[in-house]
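> output the structure for:
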Amino acid sequence: MKIVVPVKLVPDLVEELTIDPSGTALDTSWLRLIINEFDDHAIEQAILLKERSSGHVTIITLDAEEVDDMLFAAAAKGADKLIKLVGNFESVINNHALARALVPLVQDLQPDLILTGVQSHNDLDGSLGALLAEYLHMPYVGYVSGVSAEPGRAIAHKEYPGGLTAKIGINLPAVLGIQAAEQPPRYVAISKVRQMMKTAQIDEHEVSSVDSSGGARITRMYQPEVAERATMITGDANETSDKLIVIFQELGVL
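Below you'll find the predicted structure:
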């Protein structure tokens, strides 16, 4: 089974985020990027499928600072092929543009299964997996928490509210949005990553242009204004309900 896993780097929310002078994007001068958490789970799920069925796993990502380290870490986990998309990208490339850039490369690879993170915290207008499935004319199932393979199809374990889980059969080729792998992403020692740096190869795929049409356009980005808009209500249940009624009446709700 040939498996392709598109992954991307996202801002590390542990770091302090600042806005650039344009007011429409984050300042990337000191921005630390890390692999999207759901994409990391997609890599783990792909490796698990490979270990069960002797598959072949290809990781694809956009060129960015320190992205090579992430790719070599994926190779240390068990990925077979590493591909980096290079080109004159915008500071922020939306998922519409990323999906379109991936289409010709994915078509050349002819995978049986495409696994991608179900979402990321910097998605504004659509998850990559769903968009990629639309452009490739493939079926899509999202919020998947486990995958098993059968000849010609995959069984996706999909979670629903209330603790319900469904097993969905999907004909291949297909795209799955991974919410969680069947086990936490594995840890690899730095020594093994360094070994991959000497032996693994990162193939570069040139992207001449990107089409961002259809995506949301950011016109302003700003820190939330500090204001005293919270009303702390004290008292027993009856006193609290009476105070709430007065507040609702003042606001015109009642």
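> can you check which helix is longest in the chain?
Longest helix in the chain, counting residues (DSSP state H): helix 37-53.
> which is the next helix or strand following that one?
strand 56-62 (DSSP states H and E).
> angle of that next one against helix 37-53?
Using axes from the mean of the first three to the mean of the last three CA atoms, to 10 degrees, the inter-axis angle of strand 56-62 relative to helix 37-53 is 160 degrees.
> where do the strands sit along the stretch 101-250 of the chain?
Listed in chain order, the strands of the stretch 101-250 of the chain (DSSP state E, counting those that start in this stretch) span 113-117, 140-150, 153-160, 164-171, 174-178, 202-206.
> what's the fifth one in contact with?
Contacts of strand 174-178 with the rest of the structure, by CB atoms under 8 Å, 6 or more residues apart in numbering, involve 38, 41-42, 45, 113-119, 127, 129-130, 132-133, 136, 138-145, 147, 154, 156, 170. Where C-beta positions appear, they are placed from N, C-alpha and C, glycine not excepted.
> can you rerun that using 6 Å?
Contact with strand 174-178 is made by 41-42, 45, 114-115, 118, 127, 129, 132-133, 138-142, 144, 156, as judged by CB atoms under 6 Å, 6 or more residues apart in numbering.
> can you check the fourth one too?
In this structure, residues lying in contact with strand 164-171 by CB under 6 Å, 6+ apart are 139, 141, 153, 154, 155, 156, 157, 158, 159.
> okay, and the beta partners of the last one?
Beta-bridge partners of residue 159, counted by DSSP bridges, are residue 165.
> burial measure for residue 83, as a count.
By other CB atoms under 10 Å, 19 other residues sit near residue 83.
> in the chain, which spans are helices?
Assigned by DSSP H, the chain shows helices spanning 37-53, 67-77, 95-109, 128-136, 190-199, 237-251.
> of those, which is nearest residue 20?
Of all the helices of the chain, helix 95-109 sits nearest to residue 20, with 19.4 Å by CB to CB.
> that closest one vs strand 56-62, what angle?
150 degrees.
> where does pLDDT dip in this protein?
Along the chain, the model assigns pLDDT under 70 to residues 90-92.
> for residue 36, give me its contacts.
Residue 36 neighbours (CB under 6 Å, 6+ apart): 8, 10, 117, 120.
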